[in-house]
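Trainee: Starting from these lines, generate the structure:
(3 chains)
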Amino acid sequence: MATTELASWYSAHGRHDLPWRETRERWFVLVSEVMLHQTQVPRVLAAWPDFIGRFPTPEAMADAGPGAVIEAWGRLGYPRRARRLWESAVRIAALGWPDDLTELPGVGRYTAQAVLSQADGQDAPAVEVNVRRVVERVTGRRLADREAEAAMVEIGAPLIGRDRLLALMDVGAGPCRPREPRCQECPFTSRCATRGPLELETKSRQAPFEGSFRQRRGEVLARLRAGPTPIALLDARALRSLVTDGLAAIDDTTARLP
DNA sequence: AAACCGGGGGC
DNA sequence: GCCCCAGGTTT
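Mentor: Next comes the predicted model:
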């Protein structure tokens, strides 16, 4: 089996222009990984340099406070990520990095493995949506989490660790894209079980945004980013939800970032 | 297992 | 209009 096809494909077609791929510092990798959760690469590319420039270390972010981080997060979406990132920074600044990175808020199995493989040179398989799509199409069936990790190791060989993750990720974002894959350009085409999407491949669907509670939450947060606001002007339930998430603070009759 | 988060880009 | 995005947490 020509297993070196992935390596040569990655060398020629991988994304070698992403700034967070140039570092092996845990903090830089963690910030980029969190920012990339459910957020497309072009949007992170536009926001990451300024953000990491402002918070170049966990200490810098911890000292800045949650409101400054939420404000700097801007309109990237899922602002709970910003709050949890600040909480992680506080913990790292005070106690150092935990042995188990999933102890950090907002860090699950994928992110922990992604940081270890990219920053620490460990051979930890990290499966996100792109990798999962590739290995499920190549093997021809849906895979449980640990199965997908094992498949990632087999299919990615002889690449390991960081290169394996980035190469498979780029295959998933390129030729093995969700819709209308370009199998002729894929390094796995000769050994792929499906050469196309699996049946019922995408399973998650989100509720309509217009008129939703999410929309109201977003509007309240946008207002608070502009400055302290009288509570009476804000959607009460949305504001309460933001306070619960640590994204807003209330004193007397005014709401503001925490 | 499914819902939730919340903003945008591609087609 | 629908689908998707380098997920994690909560129910």
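Trainee: From now on I want contacts and neighbour counts done on CA atoms only, so please keep to that.
Mentor: Fine.
Trainee: Quick check: what element follows the longest helix along chain A along the chain?
Mentor: In chain A, assigned by DSSP state H, the helix with the most residues is helix A:80-95. Going down the chain from helix A:80-95, the next helix or strand is helix A:109-119, by DSSP states H and E.
Trainee: per-residue confidence averaged over that following helix?
Mentor: Helix A:109-119 comes out with an average pLDDT of 97.
Trainee: does it come close to DNA strand B?
Mentor: No: shown here: helix A:109-119 not in contact with DNA strand B (Cα under 7 Å from any atom of the strand), separated by at least 14.0 Å.
Trainee: Now that helix: buried residues?
Mentor: A:110-119 (16 or more other Cα atoms under 10 Å).
Trainee: And the helix or strand following it, what does it pack against?
Mentor: Proceeding N to C from helix A:109-119, the next assigned helix or strand is helix A:129-139, under DSSP H and E. Applying 3 or more Cα pairs under 8 Å, 6 or more residues apart in numbering; DSSP states H and E, we find helix A:129-139 packed against helix A:145-156, helix A:161-173.
Trainee: Just the CA trace of the shortest one, in CSV.
Mentor: This means helix A:145-156. What follows is helix A:145-156, C-alpha atoms only, in CSV (Å, rounded to 0.1, in the frame of the first residue of the first chain):
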residue,chain,number,x,y,z
ASP,A,145,-14.7,8.2,19.1
ARG,A,146,-12.0,5.7,20.0
GLU,A,147,-12.5,3.8,16.8
ALA,A,148,-11.9,7.0,14.8
GLU,A,149,-8.7,7.7,16.7
ALA,A,150,-7.4,4.2,15.9
ALA,A,151,-8.4,4.6,12.3
MET,A,152,-6.6,7.9,12.2
VAL,A,153,-3.4,6.3,13.4
GLU,A,154,-3.7,3.5,10.8
ILE,A,155,-4.8,5.7,7.9
GLY,A,156,-2.3,8.5,8.7
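Trainee: Now do it: everything it contacts.
Mentor: A:3, A:6, A:125-127, A:131-132, A:135-136, A:139, A:160, A:164, A:168 (Cα atoms under 8 Å, 6 or more residues apart in numbering).
Trainee: Now pLDDT, neighbour count and distance to DNA strand C too, for these, in JSON lines please.
Mentor: What follows is the contacts of helix A:145-156, written out as JSON lines (pLDDT from 0 to 100; neighbours: other Cα atoms under 10 Å; distance: Cα to the nearest atom of the strand, whole Å):
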{"residue": "A:3", "pLDDT": "58", "neighbour count": "16", "distance to DNA strand C": "22"}
{"residue": "A:6", "pLDDT": "95", "neighbour count": "22", "distance to DNA strand C": "17"}
{"residue": "A:125", "pLDDT": "97", "neighbour count": "26", "distance to DNA strand C": "12"}
{"residue": "A:126", "pLDDT": "97", "neighbour count": "27", "distance to DNA strand C": "9"}
{"residue": "A:127", "pLDDT": "96", "neighbour count": "25", "distance to DNA strand C": "8"}
{"residue": "A:131", "pLDDT": "96", "neighbour count": "28", "distance to DNA strand C": "8"}
{"residue": "A:132", "pLDDT": "95", "neighbour count": "23", "distance to DNA strand C": "9"}
{"residue": "A:135", "pLDDT": "96", "neighbour count": "29", "distance to DNA strand C": "13"}
{"residue": "A:136", "pLDDT": "95", "neighbour count": "23", "distance to DNA strand C": "13"}
{"residue": "A:139", "pLDDT": "95", "neighbour count": "16", "distance to DNA strand C": "18"}
{"residue": "A:160", "pLDDT": "97", "neighbour count": "20", "distance to DNA strand C": "14"}
{"residue": "A:164", "pLDDT": "97", "neighbour count": "27", "distance to DNA strand C": "11"}
{"residue": "A:168", "pLDDT": "97", "neighbour count": "28", "distance to DNA strand C": "10"}
